[in-house]
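Undergrad: Quick one: sequence plus predicted model below, questions after.
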Amino acid sequence: MSNKLTVRDIDVAGKCVFCRVDFNVPLDGQRVADDSRMRASMPTLAVLVERKARVVLASHLGRPKGKPSPELSLRPVAARLTELLGAEVAFPGDSIGDAVRETRDRLRPGEVMLLENLRFHRGEEANDAEFAQQLAALAEVYVNDAFGTAHRAHASTVGVPERVKPAAAGLLMERELEQLGKLLSDPASPFVAILGGAKVSDKIELIQNLMPRVDVFLIGGGMAYTFLKAAMHPVGRSLLEEDRTTLAKALMERARRDGKDFVLPMDHVVTIDGADDRYRTTDNVDIMANEAGVDIGPRTIEQFVRRIRSARTVLWNGPVGRFEVETFSNGTRRVAEALAEASAITVLGGGDSVAAAQQFRVADRMTHVSTGGGAALEFLSGISLPGVEALQDAP
Ligand code: ADP
Ligand code: MG
């Protein structure tokens with residue numbers, strides 16, 4: 001359904017393939033603390049290895065700001081990848097230069113090497129022509145499996161595929177485009193979007209782009225208070241973007257005009273006088289001047305769960321409370337569990353919502369959990385992703 005050329009469509013046997021992956025994993029010293037991002041690209045690597053490509057893998061890790069920084073080396077990732085593949089992964093210790101070329105020259109069909117953190121060079125994030133050319137010179141085929149960085153126009157996501165053809169999507173990239181794409185092109189109705197998180201300003205384009213497609217919006221989290229304020233409810237000290245209330249009001253009016261349900265919290269868990277250990281559940285929508293909303297209340301939870309149960313498609317982006325604090329995590333946990341039990345197609349996007357689903361051990365019960373936080377948000381907001389644009393269309 002994604003209309004991009006994929007790694008399955010191209011001939012890679014004996015060829016050097018530059019494969020951009022998202023191995024931006026959390027490290028614990030010299031160990032990979034969580035290898036889920038690496039495992040997400042194993043299907044693509046399996047195709048390349050089975051079909052006897054000579055595989056040059058490239059990724060960034062953290063934010064080294066254009067210079068080498070030993071604690072952000074991909075060396076531990078190469079070690080973990082050696083274990084996952086059951087075959088030695090060569091690690092030349094840089095992403096360009098003689099050592100890299102020599103390692104590449106020694107690669108036999110079906111063998112894999114991993115370049116050092118791309119962001120050790122300024123040229124990566126600047127999409128510098130010379131840096132991109134040096135990377136491009138390593139390969140005859142380009143594959144991008146790093147959906148999580150597809151919203152960035154960097155050397156490895158845009159500069160290299162401009163210079164190396166064929167330029168194809170990896171299987172993870174393909175799956176992301178397919179699953180997220182279906183939400184925009186052909187969602188089974190009723191389509192329920194649960195939107196939370198901290199700020200309305202982060203999600204305005206998302207709400208606008210979803211408006212024609214979604215039947216029910218369930219709004220929670222910090223951003224709910226800007227909508228509640230716009231609807232003339234007192235929100236106390238809750239997170240509020242005063243300068244967005246006019247826009248929030250316009251969005252609610254548009255939803256009403258278009259016959260959409262736009263559901264705001266009708267009760268809350270609130271902290272008192274700014275102290276996390278003093279809190280209460282409100283009786284109704286109103287919040288006192290010295291209180292701040294930190295989670296949706298029991299009636300809201302019930303309402304959200306009911307809507308999720310009758311949906312055929314559910315998108316969830318943004319926790320509905322400060323779920324990092326145990327006492328304020330109830331709403332987010334109940335939403336996560338309702339999605340896990342739902343018969344609907346369930347798609348999760350957003351770094352913190354995915355972390356929440358993992359914390360509540362329900363991530364594997366979703367139809368799709370996006371690996372791209374910012375990239376997923378931009379895609380669903382209707383913004384085209386440079387790293388996807390750079391790939392060739394399927395014939
Ligand atoms: P995602 O990464 O899933 O897109 P966001 O980054 O938009 O989500 O928002 C996540 C953050 O929102 C979390 O750190 C959470 O604590 C915060 N949050 C949720 N509800 C509230 C609230 N009522 N008040 C303050 N912060 C909130
Ligand atoms: Mg976030």
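TA: Ah, there it is. Ligands and ions are numbered 1, 2, ... in the order given.
Undergrad: CA only for contacts and neighbour counts going forward, please
TA: Noted.
Undergrad: so how far is V89 from E241?
TA: Distance, E241 to V89, using C-alpha to C-alpha, to the nearest Å: 49 Å.
Undergrad: For the two, indicate the residue with more neighbours.
TA: V89 (22 against 17; other C-alpha atoms under 10 Å).
Undergrad: Show me what whichever helix or strand V17 is part of is packed against.
TA: Remark: V17 resides in strand 16-20, with elements defined by DSSP states H and E. Judged by 3 or more C-alpha pairs under 8 Å, 6 or more residues apart in numbering; DSSP states H and E, strand 16-20 is in contact with strand 54-58, strand 141-144.
Undergrad: Name every strand pairing with the shortest one and say which way it goes.
TA: If I follow you right, that is strand 141-144. Looking at strand 141-144 with DSSP bridges, its partner strands are strand 16-20 (parallel), strand 167-169 (parallel).
Undergrad: among those strands, which is the most enclosed?
TA: Comparing those by mean neighbour count (mean count of other C-alpha atoms under 10 Å), strand 167-169 ranks first with a mean of 29.
Undergrad: Now do that one, average pLDDT.
TA: When pLDDT is averaged over strand 167-169, the result is 98.
Undergrad: After that strand, which helix or strand is next? Please name it.
TA: Using DSSP H and E, the helix or strand that follows strand 167-169 in sequence is helix 171-185.
Undergrad: Buried residues in that next one, which are they?
TA: 171-177, 179-181, 183-184 (16 or more other C-alpha atoms under 10 Å).
Undergrad: nearest to ligand 1, of the residues you listed?
TA: L180 (14.7 Å; C-alpha to the nearest ligand atom).
Undergrad: ok, back up a step: angle of the strand holding V17 against strand 54-58?
TA: 30 degrees (axes from the mean of the first three to the mean of the last three C-alpha atoms, to 10 degrees).
Undergrad: Now strand 16-20: average pLDDT?
TA: Mean pLDDT, strand 16-20: 98.
Undergrad: Can you tell me what sits against the helix or strand just after that strand?
TA: For strand 16-20, the following helix or strand on the C-terminal side (DSSP H and E) is strand 27-28. Here strand 27-28 makes contact (C-alpha atoms under 8 Å, 6 or more residues apart in numbering) with 33-34.
Undergrad: one more time with 6 Å, if that's ok
TA: For strand 27-28, the external contacting residues (C-alpha atoms under 6 Å, 6 or more residues apart in numbering) are A33.
Undergrad: re earlier: JSON lines for the helices and strands packed on strand 16-20, including mean neighbour count and distance to E205?
TA: Conversion of those to JSON lines gives the following (neighbours: other C-alpha atoms under 10 Å; distance: least, C-alpha to C-alpha, whole Å):
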{"stretch": "strand 54-58", "mean neighbour count": "26", "distance to E205": "31"}
{"stretch": "strand 141-144", "mean neighbour count": "29", "distance to E205": "26"}
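Undergrad: Nearest to F217 among those strands would be which one?
TA: Closest of the helices and strands packed on strand 16-20 to F217 is strand 141-144, at 33.2 Å (criterion: C-alpha to C-alpha).
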